[in-house]
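Trainee: Predicted model and sequence below, questions to follow.
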Amino acid sequence: MVLSQKDIISIKDFSKKDIIETLKLAEKMEPIARSREKCDVLSGKILGALFYEPSTRTRLSFEAAMQRLGGGVIGFAEAGVSSATKGENINDTVRIVAEYTDALVIRHDMEGTARYVAGLVDIPVINAGDGAGQHPTQTLLDLYTMQRLLGEIDELHVALVGDLKYGRTVHSLAYALAKFDVKMSFVAPKELQMPDEILHDLSSLGINVNETDDIHDVLNYADVLYVTRIQKERFPDPQEYSKIKGAYLINAKLLENSHAIVMHPLPRVDEISHDVDNTPYGKYFEQAFYGVPVRMALLKSLINNKI
């Protein structure tokens, strides 16, 4: 598989063909991700992982993906253990780490950082989340989850629920779903509705979106409930967060008459009850696993293309 770009910064940079080819390769990677097969295609290669913001699933799944392919990983899990605490700027950090590695994955709290970094170095750069901006690899694993569990992405009705204003996962996912023949509903409190820029972009593509603040409006016909937490760290005013935290609670009783699967990029706080975990609805743990084969597919493609 050959991607049409050197870096993975935004899902908007992907063609539908790129997405489909990535998902096909991810399926081939899955036996390796599950330890049923071995692979050393990236033996001797090193991934630099620079996480200026906390991460569990994204960071660990990238590390697992690289190691499953026979490669190694260096980097840091928080800026506090890097020379950033001494005042080193990001330009110097990424240029140095790029000298040691074959690709970089970076998470930062400032939107646009990954694209900026990609302009500084010659090796591939992967955006692992930039503030309230984009999270393209999460989107690809989300699409892979839908395809693996529901058979096709086309013809699905996907409801994005929760923090649609600050949630980078739903921003990326909305753009990706627009490349397929799907229906979308946006469920959010008025204070956290999808940004106008994204609504405008979707409208210009001919995508009609149903917007509501009532989860009951979508329960009977959604195939996927993609739930996100209300992100306290994105709110400039803590009082505003307090007003709307816990706006939605997805529990087993609520889902009784629904056929939807429930997905979540995690971490969750209180938006999905634990009584959903072991029901046929809850698919977020499987979703988290699928991050490994998807990121394996991306690393294999990017680093092999570079060789």
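Mentor: Good, I have the coordinates.
Trainee: which residues of the stretch 201-307 of the chain score low on pLDDT?
Mentor: Within the stretch 201-307 of the chain, the ranges that satisfy pLDDT under 70 run 231-246, 305-307.
Trainee: how about the strands in it?
Mentor: 209-212, 224-227, 261-263 (DSSP state E, counting those that start in this stretch).
Trainee: avg pLDDT for stretch 3-17?
Mentor: Across stretch 3-17, the average pLDDT comes to 89.
Trainee: Contacts for it next, please.
Mentor: 18, 21-22, 114-115, 118, 124-127, 133-134, 136-137, 139-140, 172-173, 175-176, 179-180, 298, 301-302, 305-306 (C-beta atoms under 8 Å, 6 or more residues apart in numbering). From N, CA and C alone the C-beta is placed, and that goes for glycine too.
Trainee: Between the two ends of that stretch, what distance do you get?
Mentor: 9 Å (C-alpha to C-alpha, to the nearest Å).
Trainee: Give me the buried subset of the contacts of stretch 3-17.
Mentor: The neighbour-count test (16 or more other C-beta atoms under 10 Å) marks 18, 21-22, 114-115, 118, 124-127, 133-134, 136-137, 139-140, 172-173, 175-176, 179-180, 298, 301-302 as buried among the contacts of stretch 3-17.
Trainee: Among those residues, name the ones in strands.
Mentor: Judged by DSSP state E, strands contain the following of those: 125-127.
Trainee: if we can go back for a sec, out of the strands of the stretch 201-307 of the chain, which gets nearest to E37?
Mentor: Closest to E37 of those is strand 261-263 (C-beta to C-beta; 26.9 Å).
Trainee: tell me the contacts of the closest residue to Y284 other than its chain neighbours?
Mentor: The shortest distance from Y284 to any non-neighbouring residue, by C-beta to C-beta, 6 or more residues apart in numbering, is to H264 (4.2 Å). Shown in contact with H264 (C-beta under 8 Å, 6+ apart): 226-229, 271-272, 284, 287.
Trainee: any idea how far H264 is from L150?
Mentor: 16 Å (C-beta to C-beta, to the nearest Å).
Trainee: can you check K300 too?
Mentor: 25 Å.
Trainee: Compare neighbour counts for those two and give me the winner.
Mentor: Set K300 next to L150 and count neighbours by other C-beta atoms under 10 Å: K300 wins out with 23 against 15.
Trainee: list the buried ones in the longest helix along the chain?
Mentor: The residue-count maximum for a helix in the chain (DSSP state H) belongs to helix 16-33. Buried residues in helix 16-33, counting neighbours by 16+ other C-beta under 10 Å, are found at 18-23, 25-27, 29-30, 32-33.
Trainee: and which of those is nearest to H200?
Mentor: For these, the closest approach to H200 (C-beta to C-beta) belongs to I19, at 22.3 Å.
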